[in-house]
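Trainee: Sequence and predicted structure are below.
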Amino acid sequence: MIPSDMKKEFMRIITTSGVVGLICITILTYLYSATGTAVGIISTEIIIMVRFYLVVKRNKKINSFQLL
């Protein structure tokens with residue numbers, strides 16, 4: 001995203017996902033220990049991936065199958 005001149009969107013996604021992920025991981029770690037931590041981290045990474053995909057798809061008007 002940075003080479004495509006989408007640095008602002010990149011930073012917004014990383015920042016908001018980091019804050020939400022930190023809160024989520026803290027709560028899940030308190031409730032479920034190591035398993036909660038793992039679930040929180042994986043969930044955060046999946047959310048980041050989906051948000052990146054949606055932003056790139058919206059801005060670049062690409063077909064979903066071109067990425068495969």
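Mentor: That came through, no problem.

Trainee: so where is the protein shaky, pLDDT-wise?
Mentor: Judged by pLDDT under 70, the chain has its weakly predicted residues at 1-4, 61-68.

Trainee: what about the residue nearest the centre of it, distance to Gly36?
Mentor: The centre of the chain sits closest to Ile48, judged by Cα atoms, centre = their mean, with a distance of 0.9 Å. The spacing between Ile48 and Gly36, counted by Cβ to Cβ, to the nearest Å, is 19 Å. In this view, the C-beta of every residue, glycine as well, is placed from N, C-alpha and C.

Trainee: State the distance from the residue nearest to the centre of the chain to Leu31.
Mentor: For Ile48, the distance to Leu31 - Cβ to Cβ - is 22 Å.

Trainee: Lys8 now?
Mentor: According to Cβ to Cβ, Lys8 stands 35 Å off from Leu31.

Trainee: How about Ile41?
Mentor: Distance from Ile41 to Leu31, counting by Cβ to Cβ: 15 Å.

Trainee: Tell me which of the two has more neighbours.
Mentor: A direct count of neighbours by other Cβ atoms under 10 Å for Ile41 and Leu31 places Ile41 higher, at 15 against 9.

Trainee: Okay, and that one sits in which element?
Mentor: Here Ile41, judged by DSSP states H and E, is contained in helix 7-60.

Trainee: Which strands or helices does that helix pack on?
Mentor: Applying 3 or more Cβ pairs under 8 Å, 6 or more residues apart in numbering; DSSP states H and E, one finds that helix 7-60 makes contact with no other helix or strand.

Trainee: How far off centre is that helix?
Mentor: Its chain's average C-alpha position is 4 Å from that of helix 7-60, according to Cα atoms, centre = their mean, to the nearest Å.

Trainee: what's the burial count for Lys57?
Mentor: If you count neighbours by other Cβ under 10 Å, Lys57 ends up with 14.
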